[in-house]
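Undergrad: Okay, here's the prediction I keep looking at, along with the sequence it came from:
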Amino acid sequence: MVLKRYDIDAYIETAHELAEKVKQSVEQIEAERQLPSALADEIAAKGFFRLLVPRALGGSELDHPDFLKLVEVFAKVDASAAWCFNQNNVFATNSCRMPAKIAQEIYGSQRSVITNGPPLPGSVAEVVEGGYRLKGRWVFSSGVRHGTWIAALVPIKYPGQDKVSTHRDDMRVMLMPKSDVKLVDNWQVKGFRGTGSFGFEIDDLYIPNERSYSPSDPPSVRGPLYVIPTTLLFAAGFATVALGVARASLDAAIQLSIRKVQGQETGLLQDKLTTHRQVGETEAIWRSASAYLRECASAVWHSACERGSLTDEERINLRLAATFTIRRSAEVVDSAYNLSGSSAIFASNPVQRRFQDIHVLTQQIQGRLTHYDTAGQFFLGLQPDGQF
């Protein structure tokens with residue numbers, strides 16, 4: 001087992017300090033659809049956007065189970081901040097797939113944050129002498145408003161080629177300062193507003209070879225963190241965000257029941273037999289999802305540390321657990337919403353914002369129901385499709 005070379009308690013303490021500042025800024029985050037600049041600067045200054053970056057590049061290279069503890073701290077306060085926290089940190093594990101020179105250039109600055117997003121049809125990088133000519137449009141770039149660098153995944157067009165492959169293994173990632181792209185304000189949403197997941201567009205930008213890499217390139221840094229596929233790091237982190245949102249929602253509904261008397265009734269909500277059952281069942285759902293995710297994530301981490309590799313079953317199990325956790329967390333929030341009655345429809349009730357957030361999260365790729373299909377195929381002895 002890899003020994004820790006850091007004090008996780010100190011990281012947790014710092015996470016709580018930052019989360020308290022997030023809590024004080026929730027309304028601003030929602031209204032402005034971004035982390036306030038001063039807050040993003042402080043998060044970066046304390047190294048909280050480079051927690052999974054290799055130590056060789058000045059990162060913390062935290063053990064993944066410890067990182068998930070920090071994700072949950074933020075998730076209980078604000079889903080958007082927690083989403084950006086997980087997104088920006090997990091994507092930074094690709095620093096060990098980048099050419100060394102550009103990785104050092106980017107992470108030589110403490111303030112650097114890379115944001116990314118999938119391409120829309122028509123986006124392409126044409127091979128030219130020494131590099132590529134890049135054009136297209138990308139979407140869902142979470143945290144781009146506090147980001148400083150852009151990573152654009154794109155199909156490659158070679159000279160004389162008529163069609164380009166959009167299979168992920170045939171695509172490359174182009175790296176550029178944010179100043180080289182035009183942001184597109186298409187983030188008109190009700191949930192996860194604060195992620196500021198704008199799109200961006202590029203028109204005929206030259207990218208030298210040394211500022212690109214393939215997402216399938218093997219990591220140049222050894223260590224258990226970089227054994228785990230990036231898609232599963234995202235999955236476990238976003239499932240943890242869902243758990244934090246669900247926990248905070250249920251806690252808020254319980255607190256409301258202590259003082260709420262439903263219209264045209266007598267007695268507090270907490271004294272109703274239906275409330276007792278609903279809270280008991282919902283608590284069981286949250287705890288079972290939390291335990292399942294923790295079990296599968298821990299098994300993956302153990303194998304990454306002990307063997308330096310993962311089995312298909314371990315990867316499928318984490319994919320299944322993450323999807324299950326996201327979907328069950330939505331059930332917990334729905335229960336808290338229903339328990340709160342008409343109080344839940346007002347912005348002053350914290351369950352309202354979290355209700356919006358969780359139902360955006362279930363629509364994101366990590367919450368897709370098709371992941372159940374992938375797991376089902378595996379358990380039936382078939383060749384599974386999908387990302388795991």
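TA: It's in.
Undergrad: what does the domain assignment say about the protein?
TA: Under the assignment automatic domain parsing, the domains of the chain span 8-107, 114-213, 227-379.
Undergrad: Leaving out sequence neighbours, find the closest residue to residue 385.
TA: Of all residues not flanking residue 385 in the chain, residue 374 sits nearest, at 6.0 Å (C-beta to C-beta, 6 or more residues apart in numbering). The way it works is simple: take the backbone N, C-alpha and C, and place the C-beta from them, glycine included.
Undergrad: other SSEs contacting whichever strand or helix holds that neighbour?
TA: Using DSSP states H and E, residue 374 sits in helix 370-379. Where contact means 3 or more C-beta pairs under 8 Å, 6 or more residues apart in numbering; DSSP states H and E, helix 370-379 is packed against helix 312-339.
Undergrad: Run through the residues that contact residue 285.
TA: With contacts defined as C-beta atoms under 8 Å, 6 or more residues apart in numbering, residue 285 is in contact with 328, 331-332, 335.
Undergrad: typed the wrong thing, it's residue 374
TA: Neighbour list for residue 374: 316, 319, 384-388 [criterion: C-beta under 8 Å, 6+ apart].
Undergrad: Most neighbours of all those residues, which one?
TA: residue 319 (26 neighbours; other C-beta atoms under 10 Å).
Undergrad: Surely it and residue 232 touch.
TA: Yes: the pair residue 319 / residue 232 is scored as a contact, 6.6 Å apart, by C-beta atoms under 8 Å.
Undergrad: can you map out the strands along the stretch 51-200 of the chain?
TA: Residue ranges of the strands in the stretch 51-200 of the chain, as given by DSSP state E, counting those that start in this stretch, are 114-117, 124-128, 131-141, 149-154, 156-157, 172-177, 182-184, 198-208.
Undergrad: what's the closest of those strands to residue 264?
TA: Residue 264 lies closest to strand 131-141 among the strands of the stretch 51-200 of the chain, at 45.0 Å (C-beta to C-beta).
Undergrad: quick one: the closest one to strand 124-128, angle?
TA: Relative orientation of strand 131-141 versus strand 124-128 (axes from the mean of the first three to the mean of the last three C-alpha atoms, to 10 degrees): 160 degrees.
Undergrad: For strand 131-141, which outside residues touch it?
TA: Contacts of strand 131-141 (C-beta under 8 Å, 6+ apart): 115-120, 122-126, 147, 150, 152-154, 156, 172, 174, 184, 186, 197-209, 211-212.
Undergrad: give me that answer again for 7 Å
TA: For strand 131-141, contacts defined as C-beta atoms under 7 Å, 6 or more residues apart in numbering pick out 115-120, 122-126, 152, 154, 174, 184, 186, 197-209, 212.
Undergrad: contacting residues around residue 198?
TA: Contacts of residue 198 (C-beta under 7 Å, 6+ apart): 141, 144-145, 183-187.
Undergrad: Please pick the buried ones from those residues.
TA: For these, a burial check counting by 16 or more other C-beta atoms under 10 Å picks out 141, 144-145, 183, 187.
Undergrad: low-confidence ranges in the stretch 1-150 of the chain?
TA: Where the stretch 1-150 of the chain drops to pLDDT under 70, the residues are 1-4.
Undergrad: Tell me how far the residue in the chain sticking out farthest from the centre lies from residue 125.
TA: Seen from the C-alpha centroid of the chain, the residue lying at the greatest distance (C-alpha atoms, centre = their mean) is residue 266, 43.7 Å away. Using C-beta to C-beta, to the nearest Å, residue 266 is found at 68 Å from residue 125.
Undergrad: and residue 196, backbone torsions?
TA: Dihedral pair for residue 196: phi 50, psi 50, per degrees, to the nearest 10.
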